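Peer 1: the sequence and its predicted three-dimensional model are supplied below.
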Amino acid sequence: QNVLHMNVTTNNYRDPNNLSFQEVKILGLLQEPVSVIVLEDNLVQNSSHRITYDGVNKVALIEGLHLQLGKSYSLRWTPGTNVDDKYDCHPGIDASKEKCEELGCVWTEDTSTVGVPYCHFGSLDNPYSVADVTYTSLGVSANLTLTNSNLKAYQKSMAPIGTLRLEVKYHNDHMLQFKIYDYANNRYEVPVPLNVPKVPESTAQSRLYDVMVQNKPFGIRIRRRSTQTVIWDSQLPTFTFSNMFLQISTRLPSQYLFGFGENEHNSFRRDMNWHTWGMFTRDQPPGYKLNSYGFHPFYMALEEDGNAHGVLLLNSNAMDVTFQPTPALTYRTTGGVLDFYMVLGPSPELVVQEYTALVGRPVLPPYWALGFQLCRYGYANDTEIANLVEDMKAAKIPYDVQYADIDYMERQLDFTLSPHFSGLPDLVKKMREEGMRFILILDPAISANETNYLPFTRGLENDVFIKWPNSDDIMYGKVWPDLPNIEVNTTLDWDTQVELYRAYAAFPDFFRNSTIEWWEREITEVYSNPRNTSRSLKFDGIWIDMNEPSSFVNGAVGGCRNQELNFPPYIPQLGSRSLGLSFKTLCMEALHHLQDGSPVQHYDVHNLYGWAQTKPTLEILQNLTKERGIVVTRSTYPTSGRWSGHWLGDNTAAWNQLDKSIIGMMDFSLFGISYTGADICGFFGDSEYELCARWMELGAFYPYSRNHNGNSGRRQDPVAWNSTFADLSRKVLNIRYTLLPYLYTLMFQANAHGSTVVRPLFHEFVEDQKTWDIYQQFLWGPALLISPVLEQGAAEVRAFLPDARWYDYHTDEYIGFRGQFRNLSSPLGHINLHVRGGYILPHQSPANTTFYSRKNPLALTVALSDDHLAEGHLYWDDGVRVGAYENGIYLLTLFVVRQNLLEIKVLHHGYVDPNNLKFTRIKILGVTSTVREVTVAQDGEGIQSPHVVSYNSQKQVLEISHLELDLGKNYTLKWS
């Protein structure tokens with residue numbers, strides 16, 4: 001009864017050493033002792049002891065005692081809950097002492113720490129016990145039984161289900177799955193296929209993990225075998241599984257947690273101090289703690305020793321997650337099942353590679369999609385776009401892609417062309433003839449108030465639109481199109497304008513095969529107009545927007561009909577939580593049909609809407625253009641990266657958005673979506689000169705580099721300012737275009753192996769804990785460190801250079817410090833870039849577009865390590881072919897330096913470039929001795945070479961120019 005009695009029963013001996021008990025360890029203590037008093041002869045004694053509690057292993061340790069041997073004592077402890085161990089028992093909107101105690105929980109109004117739940121569990125018990133546990137070489141199975149629950153405290157849809165099934169599968173040595181479901185009743189499960197072995201491939205000897213199922217209360221404990229670190233421990237009081245409320249918590253091995261999205265947060269590492277984040281796709285511009293466009297229930301955690309693991313919850317219902325300083329994490333979701341996948345790394349980079357092996361590797365964009373891009377919502381006509389194209393050419397600013405936002409449509413109707421943009425087809429043709437590319441926007445919602453609007457008519461004929469349940473009636477929302485033949489009074493408030501002027505809009509059900517066929521026909525008729533070929537728009541990519549799906553009315557015109565689905569018993573902590581799940585989207589009772597005909601509620605698949613649209617859109621694009629193309633989508637779900645890139649949404653022209661964009665790119669690198677970036681210079685508001693200039697410097701290193709803004713702001717493209725701004729933009733974009741062969745190789749490695757492109761520093765330097773918190777710098781792959789200025793008026797940047805050899809990209813100079821922060825000069829127009837020793841960067845002379853830069857000579861920058869070694873790769877194909885890598889139609893070259901010898905070795909030769917590309921210049925940084933001669937051999941035989949050798953002893957740079965080394969051939973260069 002929480003008392004340890006130490007009674008002397010015989011006292012005939014006095015030890016001469018004055019022995020005393022100084023430490024007491026109690027094993028199996030289910031609750032933390034929050035206080036301990038020491039009594040001697042029932043009198044409380046002064047004692048300066050210390051109490052620590054290991055919640056994972058249920059061990060209490062009381063140290064600093066002085067209990068003399070030969071005397072009788074009692075130690076009495078009070079079990080309780082440490083503040084950090086309080087798990088929320090009533091996370092709903094209207095928690096109260098009465099409701100809390102009705103649930104059998106404890107109400108403590110603790111105002112000392114923000115975010116600590118008032119209503120918390122009083123013990124570590126949960127209501128489920130375990131039976132029939134079976135361990136095999138392939139996994140574990142068990143039955144879970146509800147043993148105690150105050151059913152009167154629950155609404156019907158939140159009453160725990162009585163019997164559940166647990167299945168653990170050891171898929172391979174570094175990945176396992178653990179799934180909890182109701183085996184007696186069919187429940188919705190996510191229809192997104194993952195890449196898992198048909199039969200588990202792990203072996204008992206080589207698995208990186210051990211799994212133990214715990215009983216009374218139920219829990220799952222997973223240990224990393226090599227270190228015995230517990231990386232998942234769910235034996236906690238929160239576990240419950242009901243029809244519309246599923247909850248599970250786990251302790252975490254450290255405070256370092258990354259991932260979950262899509263939402264805006266203030267650092268890459270998540271703040272564990274009592275924060276709850278909702279996830280539910282919504283047309284929500286980035287804002288702190290607001291659920292936004294995508295849905296990614298995946299995290300990566302660092303363990304105290306630098307090992308890393310990742311966890312995916314494959315669930316698509318509305319959800320939130322709570323982080324608390326225990327450290328622990330609590331999931332709450334409103335439906336489906338609990339289906340977890342864990343990857344064991346052990347390095348952060350391996351975690352991403354293993355995760356993308358599960359969900360699918362990131363798409364390989366066409367080469368041109370790595371060029372700079374321009375867009376604006378608010379172009380008045382095609383002449384404005386044509387003038388912009390000419391101004392950019394005149395300024396000689398690299399620029400590959402021009403967009404048209406919804407302005408090109410007639411009254412924002414999909415698949416139409418506005419009279420103001422009647423010249424757009426010819427302009428696109430001209431741009432493409434000059435080596436540029438064109439991307440147009442499509443929204444999913446289709447106007448229902450038109451006369452002779454074929455997309456809607458044919459949609460009706462093919463039954464493609466989402467309907468009310470048990471009805472043939474279409475569920476109508478409102479989005480872009482205004483009613484025909486009306487004049488909008490723009491002085492009215494937004495909601496009034498929507499009510500008076502917006503047309504009814506129907507939403508295609510992209511889960512249906514018939515919808516995909518309809519979508520293909522409508523897109524095809526934009527590309528090749530069958531009624532007037534002169535109106536055909538030969539686009540190269542498709543930008544799909546508003547696909548959360550977004551609606552300008554809540555639920556449907558006339559409102560929703562199912563109160564429980566739109567306002568479920570537990571509404572996750574979303575923005576506008578009090579307005580329910582249908583806020584700015586469809587009613588949750590809307591009915592979809594999967595490809596096999598199975599009906600599913602929007603309640604379950606809302607977060608999959610954009611996902612369902614993405615893959616078919618890319619396939620349609622590739623069928624039309626016969627090229628790889630690119631799809632950029634706003635709404636994403638795990639696996640979306642296989643088919644698309646993503647921009648970070650409608651941001652604001654503000655300084656605090658610069659580092660947010662880096663965090664967002666790091667998040668999506670983790671989620672397996674490599675082709676990402678933010679709207680350069682900001683979407684909302686007026687950008688200003690210095691902000692936009694610094695953003696151009698940063699944005700030149702977004703994988704997806706696009707300057708885009710809204711119709712209410714001033715122009716912000718590079719030629720909208722002055723000649724100095726144009727010079728700055730040209731300079732930094734020339735650097736980007738120079739490095740495109742390296743960036744394209746990184747995109748290939750992401751596609752082939754799952755590597756990250758935008759890479760946090762700790763992915764390469766995890767042994768240095770200072771890197772774990774850095775998010776205002778980032779790497780391109782392993783070799784290029786980017787340290788942008790992010791603050792107004794700054795002329796220098798505080799940058800961390802990890803423990804490696806670094807060279808200034810601009811000057812080639814060796815940087816004489818490492819493993820520390822330094823203030824680096826960074827006047828406007830300069831971005832700090834550093835090349836890491838031990839790596840070789842392929843590059844190419846820039847040009848106004850990639851069509852021309854791809855014809856220019858190649859070069860190498862070799863940055864030697866402390867050991868005078870270096871390595872790098874170049875992936876090369878035609879830049880547009882569908883399946884070039886999969887079909888072997890590419891060239892892969894390895895560069896290796898050792899012992900004053902550079903080897904250029906072709907690893908795969910499936911492509912011959914028609915431009916007869918050659919390496920003409922090689923620059924080697926960190927050569928410490930004067931070089932007098934360089935010899936060149938091809939396939940082991942010495943050849944005559946017209947090269948010129950120069951050596952800068954001050955910078956220790958060897959430059960070999962006037963080379964003629966053919967791409968696709970093997971060479972060695974030796975210097976002495």
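Peer 2: Alright, I've got the coordinates. Residues are numbered from 1 along each chain as shown.
Peer 1: contacts only, for residue 527.
Peer 2: Residues near residue 527 by Cβ atoms under 8 Å, 6 or more residues apart in numbering: 536, 537, 538, 539, 624, 625. Placement of C-beta: from N, CA and C, glycine included.
Peer 1: where does the most centrally placed residue in the chain land in three-state SS?
Peer 2: In the chain, the C-alpha nearest the mean C-alpha coordinate belongs to residue 668, at 2.4 Å (Cα atoms, centre = their mean). With DSSP: H, G, I helix; E, B strand; the rest coil as the basis, residue 668 sits in helix.
Peer 1: among the contacts of residue 527, which lie within helices?
Peer 2: Under the assignment DSSP state H, the contacts of residue 527 contribute 624, 625 to helices.
Peer 1: neighbour-wise, which one of the contacts of residue 527 leads?
Peer 2: Per-residue neighbour counts (other Cβ atoms under 10 Å) across these peak at residue 539, which has 24 neighbours.
Peer 1: could you report the pLDDT at that one?
Peer 2: Residue 539 is assigned 98 on the pLDDT scale.
Peer 1: so what's the nearest residue to it once chain neighbours are set aside up against?
Peer 2: Nearest residue to residue 539, sequence neighbours excluded (Cβ to Cβ, 6 or more residues apart in numbering): residue 440, at 4.8 Å. For residue 440, the contacting residues are 403, 404, 408, 526, 537, 539, 542, 543, by Cβ under 8 Å, 6+ apart.
Peer 1: kindly recompute the last result at 7 Å.
Peer 2: Shown in contact with residue 440 (Cβ atoms under 7 Å, 6 or more residues apart in numbering): 404, 408, 537, 539, 542, 543.
Peer 1: give the bridge partners for it, please.
Peer 2: residue 404, residue 542 (DSSP bridges).
Peer 1: so the residue nearest to the centre of the chain is in contact with residue 646, correct?
Peer 2: Yes: with contacts counted by Cβ atoms under 7 Å, residue 668 reaches residue 646, the gap being 6.1 Å.
Peer 1: shared neighbours, these two?
Peer 2: Shared contacts of residue 668 and residue 646, counting by Cβ under 7 Å, 6+ apart, come down to residue 676.
Peer 1: what about the strands in the stretch 501-650 of the chain?
Peer 2: 505-506, 541-544, 591-593, 599-601, 630-633, 645-647 (DSSP state E, counting those that start in this stretch).
Peer 1: identify the residue nearest residue 676 in space, chain neighbours excluded?
Peer 2: Nearest to residue 676 is residue 668, by Cβ to Cβ, 6+ apart, at 4.4 Å.
Peer 1: the strands of the stretch 501-650 of the chain: which one's closest to residue 266?
Peer 2: Of all the strands of the stretch 501-650 of the chain, strand 645-647 sits nearest to residue 266, with 20.5 Å by Cβ to Cβ.
Peer 1: which elements pack onto that closest one?
Peer 2: When contacts are defined as 3 or more Cβ pairs under 7 Å, 6 or more residues apart in numbering; DSSP states H and E, strand 645-647 sits against strand 630-633, strand 676-677.
Peer 1: any chance of the ones you listed in JSON lines, plus mean neighbour count, mean pLDDT and distance to residue 248?
Peer 2: Below are the helices and strands packed on strand 645-647 laid out as JSON lines (neighbours: other Cβ atoms under 10 Å; pLDDT from 0 to 100; distance: least, Cβ to Cβ, whole Å):
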{"stretch": "strand 630-633", "mean neighbour count": "26", "mean pLDDT": "98", "distance to residue 248": "30"}
{"stretch": "strand 676-677", "mean neighbour count": "26", "mean pLDDT": "98", "distance to residue 248": "30"}
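Peer 1: looking at the ones you listed, which is closest to residue 227?
Peer 2: Closest among the helices and strands packed on strand 645-647, using Cβ to Cβ: strand 676-677, at 33.0 Å.
Peer 1: each with direction, which strands does the closest one pair with?
Peer 2: Counting by DSSP bridges, strand 676-677 is paired with strand 645-647 (parallel).
Peer 1: residues in contact with the strand it pairs with?
Peer 2: By Cβ under 7 Å, 6+ apart, strand 645-647 touches 365, 630, 632-633, 636, 668, 673, 675-679, 704, 706.
Peer 1: between the residues you listed, which sits nearest residue 481?
Peer 2: Out of these, the member with the shortest distance to residue 481 (by Cβ to Cβ) is residue 633, at 21.2 Å.
Peer 1: which residues sit in contact with the closest one?
Peer 2: Applying Cβ under 7 Å, 6+ apart to residue 633 gives the contacts 544, 547, 610, 614, 640, 644, 646.
Peer 1: mind listing the strands for the stretch 701-850 of the chain?
Peer 2: 706-709, 758-759, 778-780, 784-787, 796-801, 806-808, 814-815, 820-825, 832-836, 839-844.
Peer 1: on that earlier part again, now the strands of the stretch 501-650 of the chain as JSON lines including distance to residue 882?
Peer 2: Converted to JSON lines, those look like this (distance: least, Cβ to Cβ, whole Å):
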{"stretch": "strand 505-506", "distance to residue 882": "32"}
{"stretch": "strand 541-544", "distance to residue 882": "13"}
{"stretch": "strand 591-593", "distance to residue 882": "29"}
{"stretch": "strand 599-601", "distance to residue 882": "31"}
{"stretch": "strand 630-633", "distance to residue 882": "12"}
{"stretch": "strand 645-647", "distance to residue 882": "16"}
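Peer 1: so how many other residues sit close to the residue lying closest to residue 839 once chain neighbours are set aside?
Peer 2: Nearest residue to residue 839, sequence neighbours excluded (Cβ to Cβ, 6+ apart): residue 783, at 3.6 Å. Counted with other Cβ under 10 Å, residues neighbouring residue 783 total 24.
Peer 1: likewise for residue 452?
Peer 2: Neighbours around residue 452, by other Cβ under 10 Å: 6.
Peer 1: could you verify that it is part of a helix?
Peer 2: No: counting by three-state DSSP, residue 452 is located in no helix; its state is coil.
Peer 1: please report how far it lies from residue 677.
Peer 2: 40 Å (Cβ to Cβ, to the nearest Å).
Peer 1: list the contacts for residue 239?
Peer 2: Residue 239 neighbours (Cβ under 7 Å, 6+ apart): 126, 128, 218, 247, 248.
Peer 1: right, I'll leave it there.
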